[in-house]
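In: Task: produce atomic coordinates for the following.
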Amino acid sequence: MNCIALGFLTQIKKRWSKMVIVQQKSKRKPTGGMHSSMKKMRKHEMGGDAIKTTIGAAKLKKARTKGGNIKLKLRATEFANVIDQKTKTTKKVKITDVLENHANPHFVRQKVITLGAIIQTESGKAKVTSRPGQDGTVNAVKVE
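Out: Now for the predicted structure:
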């Protein structure tokens, strides 16, 4: 291959590696035809990368949101706020393992914590009630 072809291939790789996720209506009509675009993509229509919260040393990512507010995205954590409904108490407990995750079966192997995941803590099993990738914390309810 000549140098021009190699340069072209590296440009294509760079372009596709930073693909933008867009949240807007489909470009296709129900009949299969294409809608003609009336506007360019706006910043508020852009999506973001999925944050997979794992077990480990605490890592937070700050993201600026609409209106200048800040959203804390939790990348890794060691602790969860577990609520015991019988005694009506909340404790900060260390997370040891992810037992179940209905969002994706592979998340159990990867130790990814999402809403609805069953985690093993020092005080027993708990079900996650918060969205760690959006709220910046792991809140859970103790499960018997």
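In: Enumerate the positions of stretch 56-75 that are buried.
Out: By neighbour count on 16 or more other Cβ atoms under 10 Å, the buried set for stretch 56-75 is 73-75. Where you see a C-beta, it was placed from the backbone N, CA and C, and this is true even at glycine.
In: In strands, which of the residues you listed appear?
Out: If you go by DSSP state E, these have 73-75 in strands.
In: for the chain, what are the low-confidence residue spans?
Out: 1-20 (pLDDT under 70).
In: Report how many residues lie close to Ile119.
Out: Counted with other Cβ atoms under 10 Å, the neighbours of Ile119 add up to 24.
In: Grab the nearest non-local neighbour of the spatially most central residue of the chain.
Out: The centroid of the chain falls nearest to Ile51 when counting by Cα atoms, centre = their mean (3.0 Å). Closest residue in space to Ile51, ignoring its immediate chain neighbours: Gly133 at 3.6 Å, by Cβ to Cβ, 6 or more residues apart in numbering.
In: ditto for Lys25
Out: Nearest residue to Lys25, sequence neighbours excluded (Cβ to Cβ, 6+ apart): His35, at 7.9 Å.
In: Please point out which parts of the longest strand seen in the chain sit buried.
Out: The strand spanning the most residues in the chain, taking DSSP E as the definition, is strand 89-100. For strand 89-100, burial by neighbour count (16+ other Cβ under 10 Å) applies to 93, 95, 98.
In: could I get these as TSV with distance to Arg28?
Out: Shown next, in TSV, are those (distance: Cβ to Cβ, whole Å):
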residue	distance to Arg28
Val93	49
Ile95	43
Val98	38
